[in-house]
Every structure is written in C-alpha cells, then in structure tokens.
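Engineer: please find the sequence and the predicted model below.
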Amino acid sequence: METISTPSFLENLRNVTAKSHIALEELPISKSIVNPEITKDEYILYLDLMKDVINDAENNIFPLTANIITDSADRLRDHLLDNDFKALGHTKTYTDSKPLSAGISNLTPAFALGIFYVLEGSNLGGRVIFKNINTALGYDVESGASYFSGYGGTTGSHWRTFIEMLTKYEAANDNADEIIAGADYCYNAISKHLVENSSK
C-alpha cells in the first residue's frame with residue numbers, strides 16, 4: 001500500500017514563507033546590493049537600515065531563544081555593522097526604530113525562533129553579496145564588508161547546526177505553525193522597513 005508522505009516542517013517553512021521571501025528579494029534596495037554597479041551610497045543605505053533590524057532582533061527577540069539556539073552568542077552580527085560603518089566612515093543616526101519587535105503583540109520563543117531563522121539564513125545569501133561588494137566596491141572583511149562575510153568558510157556548517165537545533169525544538173514542542181508565522185512576519189517586517197526608509 002502506497003503511503004503519501006506529508007511535507008516536512010522545513011518544507012512547510014520554506015513553502016509558506018516563499019512569497020514574503022521573494023517579495024523582500026525583489027525590492028529595489030535588495031536588488032541594489034547584488035548589482036555589479038552598486039554605489040557606495042546605496043551600500044551604506046542598505047547597511048544602515050539593516051542595522052535597525054539586527055539591533056532590534058539581538059536586543060529584543062533573540063534573548064528568548066538563548067536556551068534553544070545554544071550558541072546564539074556566537075551568531076550576533078550587530079558589532080559587524082559597527083565595524084563596517086567605522087571602516088566606511090559612516091555615522092549611524094540612531095533612533096528608537098524597532099522594525100521587528102514593535103509590531104509583535106505576543107512574542108514567544110517559537111515566534112522568535114522563526115525570526116532567528118530568517119536572519120540566520122541571510123548569511124547564506126550574504127556570501128554571494130559579499131563577492132559582489134568585493135568586486136564592485138573593493139571592500140573586504142577589514143574594509144567595510146564584514147557583515148556580509150558571514151562565518152566565512154564555515155557559513156554552511158553554522159547553518160546546518162542552526163537547522164538541527166531548530167528542528168529538534170519543533171519536534172519536541174509541536175509548534176511549527178508559530179515558528180513559520182514568525183519567519184513570515186520577519187520577511188514582511190524587513191520589507192516594510194526597507195520600503196518606508198529607502199525612498200528618495
């Protein structure tokens with residue numbers, strides 16, 4: 001008798017968030033960082049806006065996942081943006097912007113984990129962006145592109161370790177819907193932040 005397999009948690013996670021993920025990648029500001037003709041100003045604008053997102057996530061969201069993602073302290077990237085700003089001669093104008101946490105009424109560890117999934121996954125695409133920035137603008141890890149360098153040559157293994165912890169938590173708690181909702185929310189919230197703050 002043939003058995004019909006149901007989609008796995010990770011398959012559902014990717015499928016349900018595909019629309020919001022693609023919408024984020026299709027934004028003009030998102031396309032600018034993979035454009036071979038990117039300018040320094042366009043690059044700095046993207047980093048400046050992502051600083052709001054990463055700072056908010058690391059201070060107000062990721063702490064809820066500390067017991068789940070046991071190496072979360074090693075996955076923080078806010079300081080990399082600070083390094084890049086210094087190298088690029090950019091001064092961030094700090095605001096109380098909370099593009100992620102401000103729109104969440106009931107933040108739970110599972111929802112927070114979905115957000116972590118999106119931001120951690122961006123390291124994979126970051127390696128491609130890093131190559132473009134290096135080729136187009138000449139920046140490297142030391143001169144303004146440390147944020148997109150991810151974990152360097154260990155980016156893939158870091159991702160696999162994260163996914164192992166994510167799937168283990170979901171299997172133990174049966175909260176796939178909440179994790180997926182967090183991920184979908186994250187894609188949409190980042191898109192909203194970029195659109196509202198990148199128009200000229």
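Structural biologist: The structure has been received and is ready for your questions.

Engineer: what comes up buried for the helix or strand residue 117 falls within?
Structural biologist: Using DSSP states H and E, residue 117 sits in helix 109-137. Neighbour-count burial for helix 109-137 flags 109-123, 126-127, 129-130, 132-134, 136-137 (criterion: 16 or more other Cβ atoms under 10 Å). All C-beta spots, glycine's among them, are computed from the backbone N, C-alpha and C.

Engineer: helices and strands around that helix, which ones?
Structural biologist: helix 40-60, helix 155-173, helix 176-198 (3 or more Cβ pairs under 8 Å, 6 or more residues apart in numbering; DSSP states H and E).

Engineer: just send these back as TSV, with distance to residue 93, mean neighbour count and mean pLDDT too.
Structural biologist: Output for these, formatted as TSV (distance: least, Cβ to Cβ, whole Å; neighbours: other Cβ atoms under 10 Å; pLDDT from 0 to 100):
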stretch	distance to residue 93	mean neighbour count	mean pLDDT
helix 40-60	8	19	97
helix 155-173	30	15	95
helix 176-198	11	20	97
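
Engineer: in TSV: the ones you listed, plus distance to residue 11.
Structural biologist: As requested, the helices and strands packed on helix 109-137 are arranged in TSV below (distance: least, Cβ to Cβ, whole Å):
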stretch	distance to residue 11
helix 40-60	25
helix 155-173	11
helix 176-198	11
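
Engineer: ignoring the adjacent residues along the chain, who's closest to the spatially most central residue of the chain?
Structural biologist: Geometric centre of the chain, nearest residue: residue 119, 2.1 Å, by Cα atoms, centre = their mean. Leaving aside its sequence neighbours, residue 119 sits nearest to residue 57 (Cβ to Cβ, 6 or more residues apart in numbering; 5.8 Å).
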